[in-house]
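*Asks:* Sequence first, then the predicted structure, then my questions.
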Amino acid sequence: MIAQRTTRLVALLALPAALTLVAATATPAAAERTAYQIDLDPLNDSGGNGTVMLSLDGTRLTVKIESEGLVPGQPHAQHIHGSTDGHDFRCPDASADKDGDGIVTTSEGLPVYGEINISLTTEGDTSPDSGLAVDRMPVADAEGKVSYERTITVSQDVAEHIKDLHVVQHGIDRNGNDEYDFGAGKSDLDPKLPQEATAPAVCGLVEGAAVGSVPVGGVETGGGSAGGDVVPGLAVGAGGLAFVAVAGALAVGRGRWARSTAPLPAGGVGEPSDRSVA
């Protein structure tokens, strides 16, 4: 009897501390961080390919891109395309070449992959207005490789529909002379630019492949199935912490040890730029 009373007393003493922890952690709830790995596949016989990692933490989006086979020494406009209102967009194929000239232009591709949501510039504005801000787009190195990383703030609509979007990089070398020229004509978007500079080179869907195992914050380069691998973020919500605390108090009350494990939580828009090309 004494032992039982002692056990109950311990439980009663432990419970207020647990309830205090519940109150302290009930709001705000810890946000879940989610990452998506995307394989970039070639368009327009560009020979390009690559991998993108999108890591979303609330409305903070970190974009990491490693691509290769692009035009060396040239800027490559890149964007997140697609719809946040339910339209079904995807990466185009050769059937999008409506005029039969052998190039899927940006205008021909837009009905398939949708309008620009985010311009993946290296600095400054990331709105669709900077879609052709080639002076703020990444430049491929001498081997035709692009490495890009930036964290930006996105709209709530983009955050909620990130799985419906996709990444496109532009810039092809139709005649193989390692530069953009007007051999394939003028850009359908801006006649001051060559068609080669704005035609899509690679594209990858955010959603469409099996669940993967790429760690948050990591980028793997290489081939794979078209689409993106969903990598759930590691997070512990406030409710989870509260549950652990209450369970611990009740376990003491019952005279048993309870062991509970939970995964640990995983680890902006730049300043506006006055210079952008519409």
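*Replies:* Ah, there it is. As the structure is a computational prediction, the values presented were derived from the model and not from experiment. Numbers count the residues shown, from 1 in each chain.
*Asks:* Looks like residue 39 contacts residue 65 (just checking).
*Replies:* No. Here residue 39 lies out of contact with residue 65, judged by C-beta atoms under 8 Å, at a distance of 11.7 Å. C-beta here means a position set from N, CA and C on the backbone, and glycine is covered the same way.
*Asks:* tell me, what's touching the two both at once?
*Replies:* Contact criterion C-beta atoms under 8 Å, 6 or more residues apart in numbering; residues shared by residue 39 and residue 65: 50-51.
*Asks:* This protein: helices as residue ranges?
*Replies:* Counting by DSSP state H, the chain has helices at residues 2-25, 106-113, 156-160, 195-198, 238-253.
*Asks:* show me what contacts residue 97?
*Replies:* 103-104, 108.
*Asks:* Now list the buried members of the residues you listed.
*Replies:* When burial is judged by neighbour count using 16 or more other C-beta atoms under 10 Å, the buried members of the contacts of residue 97 are 103-104, 108.
*Asks:* Please dump these into TSV; it should also carry distance to residue 55 and pLDDT for every row.
*Replies:* As requested, the buried ones among the contacts of residue 97 are arranged in TSV below (distance: C-beta to C-beta, whole Å; pLDDT from 0 to 100):
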residue	distance to residue 55	pLDDT
103	33	95
104	30	94
108	32	93
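*Asks:* need the residues you listed in a markdown table with distance to residue 51, can you?
*Replies:* Listed next are these as a markdown table, based on distance: C-beta to C-beta, whole Å:
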| residue | distance to residue 51 |
| --- | --- |
| 103 | 25 |
| 104 | 22 |
| 108 | 26 |
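*Asks:* List just the nearest of those residues to residue 203.
*Replies:* Proximity to residue 203 was ranked across the buried ones among the contacts of residue 97 by C-beta to C-beta; first place goes to residue 104, at 9.9 Å.
*Asks:* any idea how far that closest one is from residue 93?
*Replies:* Summarising the geometry, the distance separating residue 104 from residue 93, computed by C-beta to C-beta, to the nearest Å, is 8 Å.
*Asks:* quick revisit: show me which of the buried ones among the contacts of residue 97 is closest to residue 72.
*Replies:* Taking C-beta to C-beta as the measure, residue 72 sits nearest to residue 103 out of the buried ones among the contacts of residue 97, at 19.9 Å.
*Asks:* quick one: the closest one and residue 173, what's the gap?
*Replies:* Remark: distance between residue 103 and residue 173 (C-beta to C-beta) = 12 Å.
*Asks:* Same check on residue 199?
*Replies:* In this structure, residue 199 and residue 173 are separated by 10 Å, where distance is defined by C-beta to C-beta.
*Asks:* repeat for residue 46
*Replies:* Distance from residue 46 to residue 173, by C-beta to C-beta: 8 Å.
*Asks:* neighbours of the nearest residue to residue 72 once chain neighbours are set aside, just the number please.
*Replies:* Residue nearest to residue 72 in three dimensions, not counting chain neighbours: residue 144, with 4.5 Å by C-beta to C-beta, 6 or more residues apart in numbering. Here the neighbour count serves as a burial measure; for residue 144 (other C-beta atoms under 10 Å) it reads 20.
*Asks:* confidence score at residue 144?
*Replies:* If you check residue 144, the pLDDT there is 97.
*Asks:* Over to it: give its phi and psi.
*Replies:* In terms of degrees, to the nearest 10, the main-chain angles of residue 144 are phi 80, psi 20.
*Asks:* could you check the distance from it over to residue 137?
*Replies:* 15 Å.
*Asks:* same question, residue 93
*Replies:* 25 Å.
*Asks:* The two: who's more crowded?
*Replies:* Legend: neighbour count by other C-beta under 10 Å for residue 93 and residue 137, higher for residue 137 (24 against 13).
*Asks:* Let me know how buried residue 72 is, in neighbour terms.
*Replies:* When counting by other C-beta under 10 Å, one arrives at 15 neighbours for residue 72.
*Asks:* How about the one 3 residues further on?
*Replies:* Residue 75 has 20 neighbours, counted by other C-beta under 10 Å.
*Asks:* and it, what does it touch?
*Replies:* Contacts of residue 75 were listed using C-beta under 8 Å, 6+ apart, and they are 134-135, 137-139, 171, 197.
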